[in-house]
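A.B. asks: here is a sequence together with a model predicted from it:
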Amino acid sequence: MDLKSIKGISIGTETKLNNLGINNVEDLLEFYPYRYNFINLIDIKDANDNESVTIKATIIEIPKIQYIKKNLNKMIFKVISNNQLIFVTIFNRAFLKQNLLLNREVVLIGKYNKLKNSFVASDIKFNILENTIEPVYHLVEGLTNNNMRKLIKEALKSNMYYDYIPYIYVEKYHFINKKDAVNLIHNPKNSNDIKLASLRLKYEELFDFMFKINYLKKVNKKIIGIKRELDNHTNDFCSILPFQLTSDQLKCMNEIYEDLISDRRMNRLILGDVGSGKTIVATYAIYLNYLSHHQSALMAPTEILANQHYKNIKGLLDIFNIKTEILTGSTKNKDKEVILKKLLNGEIDLIIGTHSLINSNVKFKSLGLVITDEQHRFGVEQRNILNDKGNQPDVLYLSATPIPRTYALTIYGDLDLSLIKIKPKGRKEIETKVYKETEIKEVLYKMLEELKLGHQIYVVSPLIENNLEVDLKSVFDLEEKFNTAFNNKVAIGILHGKLKSKEKDLTMNEFKNGNLKILISTTVIEVGVDIPNTTMIVIYNAERFGLATLHQLRGRVGRNDCQSYCYLISNKDIKRLKVLEESNDGFYISEKDFEMRGSGDLFGVKQSGLTSFKIANLKTDYQILLQTKKDSEDYINDGLYIENEHYKEIVNDISFIN
Ligand code: ADP
Ligand code: MG
């Protein structure tokens, strides 16, 4: 139902709602409060000194405003509350003055100082004059919480309620109906109302989510793929490697081998922390796929990473006579034509590239294996397009998103999971330390030590150029600073997203072969970059980055058996950054990140759109998630979904995608 059908929605308001992701009346009804203010009015005589309280009062003097400095004003006025005169102060609410009329009854929220008989208010309410629970909504500029409440009140009259919980579970758990639940969640009378309503709404949302995953898994399980007649060939493959594989790597390789020889289509996610050595496992899969006379495609999210994979993997596989090519946005048209033709003829065995690979003119003779590196960087559609370029090719995803295992199992429930937990032998913990900018001398000194050992250094900054509006270090800024600090004696290169790919490639090569000693970069080096001689990374304005990004960036070093270092430069938010000082373990960090920020920002998963829940929270509602996982499995196995319009539609959509 159109938003315009609701009383009080102008075009301006509609745009604002759209910005909150609300596009129709149903969305508005399901725009649940993210918290509640519990308003308990008390008698001012019962207030303890400096306790936060909410009182009813009548204004007996018109407020006076004092402008203290820019962005700071103070309003003072007198009220009577239960026959007692009180002096009220409120900061930065000068805009409320017009509403604070003589003799008006208001509700004041704040702290009461008994000695001075003064009340410092944090908020003033005009409509609430008895005990209530006030829902609090996410807002955008120009839309107040009160506006939102009014709009939702109107929407509640519309009777647009869809009940998605299968009837058997409504009965089993005695859920209240959808209409009551939505009404209560927006207008609860007590905390029990909130509990009843939210339990039902969370169950509904998670059931729907788990139904999709479980159904996908069921469909995937049944897909007949390529059955290969193959020996294991691990020994041949290992003989070309300059190192010994870890037991986890070998286990993954074996799982892949089993998948490839079975007639079931492989649909596997390799989950391993940064630097755990996922690329080599993928390379083994490519090798086996080649032996069974099929082509492979490897897609990476950045050109830098695609180039790196091309060089490394080609370097390894040339010996087997595997023909490898690269295709990215900067491949010349002439070269591209040749590559496309050869792919179609089957003269190329392995194509490595970026998003360019999903272009419709990329066609294969016989695509047997699709690998997506850093899979969380791609949308589901992009991955599927590439998968569809063959006849049920086997599919392998690589990801360093170390989400807690239990969550991984549910969220990636439609994929088979291989975990690489141990790092290659001889790796040392990366020494991590947070520094304030005033302590930068110490960092410079350590950089110099590292350079003397012949090692290289990454420096990361959040900005390319200086920007007067924000106080952040930029790439150019730092280039100048370090040149001064090191007397122009150290070769420094810069790298950022605005450079042409050729320039990026050149700089990357110069750094890789050691001509450049320091590489100052934006986060373009975040994923995948592998230059083992780099043993130090210095990250400026570290508070600007999430723990996940910082851990990924740190993973650029510690890639050989030398001691590596990570220095986080920040003047604020030290507490969060301490987690990185404590641990090198991506799974631990993700647990911490999860605890601190909840599932809304679940370590890298956000981009994949998996956690855009309206009311459920993967962390706090994990028990409900497990229950819906089981219930939806039963529901599918019993075939009951055939009789439910909503789930029948989902099933049709899924069958369509596959
Ligand atoms: P990621 O899992 O982050 O993608 P990579 O595949 O880039 O990690 O591997 C990191 C580095 O470790 C590479 O230089 C790779 O050659 C090396 N490596 C991989 N496996 C081993 C091993 N078993 N022993 C020693 N080095 C290894
Ligand atoms: Mg990688």
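C.D. replies: On my side now, so go ahead. Ligands and ions are numbered 1, 2, ... in the order given.

A.B. asks: Tyr567: what secondary structure?
C.D. replies: Three-state call for Tyr567 (DSSP: H, G, I helix; E, B strand; the rest coil): strand.

A.B. asks: which residues does the closest residue to it other than its chain neighbours bridge with?
C.D. replies: Nearest residue to Tyr567, sequence neighbours excluded (C-beta to C-beta, 6 or more residues apart in numbering): Val538, at 4.7 Å. (Glycine included, C-beta is placed from N, CA and C.) The partner list for Val538 in beta bridges (DSSP bridges) reads Val459, Tyr567.

A.B. asks: as a check, name the ranges of all helices in the stretch 551-658 of the chain.
C.D. replies: Counting by DSSP state H, counting those that start in this stretch, the stretch 551-658 of the chain has these helices, from start to end: 574-582, 586-597, 622-637, 645-657.

A.B. asks: and the gap between Thr246 and ligand 1?
C.D. replies: Look at Thr246 and ligand 1: by C-beta to the nearest ligand atom, to the nearest Å, they are 5 Å apart.

A.B. asks: just list the residues touching the closest residue to that residue other than its chain neighbours, thanks.
C.D. replies: Spatial nearest neighbour of Thr246, chain neighbours left out: Ile422 (5.3 Å); criterion: C-beta to C-beta, 6+ apart. Contact analysis of Ile422 by C-beta atoms under 8 Å, 6 or more residues apart in numbering lists 246-248, 276.

A.B. asks: need the residues you listed in JSON lines with pLDDT, neighbour count and secondary structure, can you?
C.D. replies: JSON lines is the format used below for the contacts of Ile422 (pLDDT from 0 to 100; neighbours: other C-beta atoms under 10 Å; DSSP: H, G, I helix; E, B strand; the rest coil):
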{"residue": "Thr246", "pLDDT": "96", "neighbour count": "20", "secondary structure": "coil"}
{"residue": "Ser247", "pLDDT": "96", "neighbour count": "11", "secondary structure": "helix"}
{"residue": "Asp248", "pLDDT": "95", "neighbour count": "20", "secondary structure": "helix"}
{"residue": "Ser276", "pLDDT": "90", "neighbour count": "25", "secondary structure": "coil"}
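
A.B. asks: now, the most widely separated pair of those residues?
C.D. replies: The span of the contacts of Ile422, defined through C-beta to C-beta, is set by Ser247 and Ser276 at 12.1 Å.

A.B. asks: close to ligand 1: what parts of this protein are there?
C.D. replies: Contact residues, the chain versus ligand 1 (C-beta under 6 Å from any ligand atom): 243-246, 249, 272, 274-280, 400, 424, 528, 530, 532, 559.

A.B. asks: 8 Å instead?
C.D. replies: Taking C-beta under 8 Å from any ligand atom as the measure of proximity, the chain contacts ligand 1 at 241-246, 249, 272-281, 312, 373, 398, 400, 420, 424-426, 528, 530, 532, 555, 559-560.

A.B. asks: nearest to ligand 1: which residue in the stretch 401-550 of the chain?
C.D. replies: Here the stretch 401-550 of the chain gets closest to ligand 1 at one residue, Pro424, 3.2 Å apart by C-beta to the nearest ligand atom.

A.B. asks: wait, that residue touches Ile280, no?
C.D. replies: No - checked against C-beta atoms under 8 Å, the pair Pro424 and Ile280 is beyond contact range at 9.6 Å.

A.B. asks: look at the closest residue to ligand 1 within the stretch 551-658 of the chain and report its pLDDT.
C.D. replies: For the stretch 551-658 of the chain, the residue closest to ligand 1 is Arg559, as judged by C-beta to the nearest ligand atom, at 4.8 Å. Arg559 is assigned a predicted lDDT (pLDDT) of 89.

A.B. asks: cool, Leu409 as well?
C.D. replies: Looking at Leu409, its pLDDT reads 67.

A.B. asks: list the contacts of Glu227.
C.D. replies: Rather than Glu, residue 227 is Lys. 261-263.

A.B. asks: one more time with 6 Å, if that's ok
C.D. replies: Listed by C-beta atoms under 6 Å, 6 or more residues apart in numbering, the contact set of Lys227 reads Asp263.

A.B. asks: ditto for Asp123
C.D. replies: By C-beta under 6 Å, 6+ apart, the neighbours of Asp123 are Ile109.

A.B. asks: can you tell me the SS state at it?
C.D. replies: The three-state label given to Asp123 by three-state DSSP is strand.

A.B. asks: returning to what we had before: so the residue of the stretch 401-550 of the chain closest to ligand 1 sits in a helix?
C.D. replies: No - counting by three-state DSSP, Pro424 is located in no helix; its state is coil.

A.B. asks: let me see the contact set for it.
C.D. replies: The contact partners of Pro424, by C-beta under 6 Å, 6+ apart, come to 246, 277.

A.B. asks: how near is it to Leu577?
C.D. replies: Using C-beta to C-beta, to the nearest Å, we find Pro424 at a distance of 27 Å from Leu577.

A.B. asks: how about Leu463?
C.D. replies: Per C-beta to C-beta, Leu463 is found 19 Å from Leu577.

A.B. asks: next: Leu451.
C.D. replies: 25 Å.

A.B. asks: looking at the two, which has the bigger crowd around it?
C.D. replies: A side-by-side neighbour count of Leu451 and Leu577, using other C-beta atoms under 10 Å, places Leu577 first with 22 against 17.

A.B. asks: list the contacts for the more buried one?
C.D. replies: Going by C-beta under 6 Å, 6+ apart, the list of residues near Leu577 reads 434, 542, 568.

A.B. asks: what's near enough to touch the nearest residue to the second one once chain neighbours are set aside?
C.D. replies: Read that as Ala542. Leaving out its chain neighbours, the residue that sits closest to Ala542 by C-beta to C-beta, 6+ apart is Leu568, at 3.8 Å. Going by C-beta under 6 Å, 6+ apart, Leu568 touches 434, 539, 542, 577.
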